[in-house]
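Asks: I would like the atomic coordinates for the input below:
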Amino acid sequence: MALSIALALALALLIAGHCLSQLAAKRHQQHLNELQGALLQRAIDLLQNLQKHRGLGAQKDLLSTSQRNILARQLDQLWLNWPGPSLQLAPLQEEWPRLRRNPADFAAHCQVIDGLLQVIAIVETRLCQAGNPQVHGIAEACHGLENLARLRGLSVRAANYSQCPLSLKKQIEQLCLALETTPAGSPLQNVLERLRHELIDSREVRLAPHECFALLTPLIDECAERLRAPLQAAIKH
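Replies: Below is the predicted model of the structure:
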């Protein structure tokens with residue numbers, strides 16, 4: 001009898017220990033998911049703001065300079081405590097001071113943005129492997145967002161000239177081709193048509209830099225908001 005009671009108690013303790021272990025593992029995974037989800041959200045915020053900082057970099061008017069300075073302060077905060085090496089991610093925040101000092105450096109912005117896109121792909125994979133299918137496709141969508149944002153940055157630069165320089169024209173045309181999958185008559189197609197007629201193929205540029213920026217920014221902001229939607233369901237498995 002005593003042996004049976006002892007065995008029953010031992011079995012109960014074993015089951016309780018197993019349940020507690022499973023609960024602890026579940027809570028640990030949930031905590032990791034929340035951390036990775038927050039990191040993914042911050043990476044998207046950084047992506048959008050860096051893209052905007054790059055787009056404002058070639059604009060010299062007072063309003064654009066003021067907007068860029070406000071944006072730079074927001075980016076200062078977003079880069080604070082970037083986990084980088086602690087999560088086996090690139091220490092991208094080390095590049096930010098150089099971009100802040102040289103807002104017109106298009107290539108340097110692109111380099112950091114490409115690094116962020118890699119981080120987004122890594123975090124998406126980790127979350128999907130942990131059972132969060134709602135984030136699948138975010139990395140690919142971010143590449144699409146970058147096509148739009150890069151088109152904005154290049155168009156702003158081209159608008160500083162009386163005629164679109166050949167080197168910029170080729171890059172802009174390639175991006176337009178990549179973005180031409182949307183239906184005719186859509187807001188994006190209307191923007192692309194205007195860029196062709198007033199910037200790319202025009203003998204004389206008829207769009208000011210700030211007009212190019214204003215033309216594409218609402219589309220970019222809308223795409224960025226759609227990217228954030230899956231994260232609102234926020235990864236609590």
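Asks: any weak-confidence spans in this protein?
Replies: Applying pLDDT under 70 to the chain flags the ranges 1-33, 182-185, 232-237.
Asks: Residue 49 is in what secondary structure piece?
Replies: helix 2-56 (DSSP states H and E).
Asks: which residues touch residue 123?
Replies: 36, 39, 40, 43 (C-beta atoms under 8 Å, 6 or more residues apart in numbering). Quick note: C-beta positions are derived from backbone N, CA and C, even for glycine.
Asks: measure the first one to residue 199 for me?
Replies: Relative to residue 199, residue 36 is positioned 40 Å away (C-beta to C-beta, to the nearest Å).
Asks: Those two: which is more packed in?
Replies: residue 199 (25 against 21; other C-beta atoms under 10 Å).
Asks: mind checking the SS state of the closest residue in space to the more buried one that isn't next to it in sequence?
Replies: What sits nearest to residue 199 in space, not counting adjacent residues and going by C-beta to C-beta, 6 or more residues apart in numbering, is residue 207, at 5.2 Å. Secondary structure, DSSP: H, G, I helix; E, B strand; the rest coil: residue 207 is coil.
Asks: Residue 207 and residue 161 touch, don't they?
Replies: No. Counting by C-beta atoms under 8 Å, residue 207 does not reach residue 161; the two are 11.1 Å apart.
Asks: and the two? which has more neighbours close in?
Replies: residue 207 (21 against 12).
Asks: how about residue 228, phi and psi?
Replies: phi -80, psi -20 (degrees, to the nearest 10).
Asks: same thing with residue 180?
Replies: phi -80, psi 20.
Asks: Name all residues that make contact with the closest residue in space to it that isn't next to it in sequence.
Replies: Nearest residue to residue 180, sequence neighbours excluded (C-beta to C-beta, 6+ apart): residue 192, at 7.0 Å. Going by C-beta under 8 Å, 6+ apart, residue 192 touches 176, 179, 180.
Asks: now the one helix or strand residue 192 maps to, how far from the centre of its chain.
Replies: Take DSSP H and E as the rule and residue 192 turns out to sit in helix 187-195. Here the centre of helix 187-195 is set off from its chain's centre by 23 Å, with C-alpha atoms, centre = their mean, to the nearest Å.
Asks: Name the residues of it that come out as buried.
Replies: The neighbour-count check on helix 187-195 (16 or more other C-beta atoms under 10 Å) flags 188, 191, 192, 194, 195 as buried.
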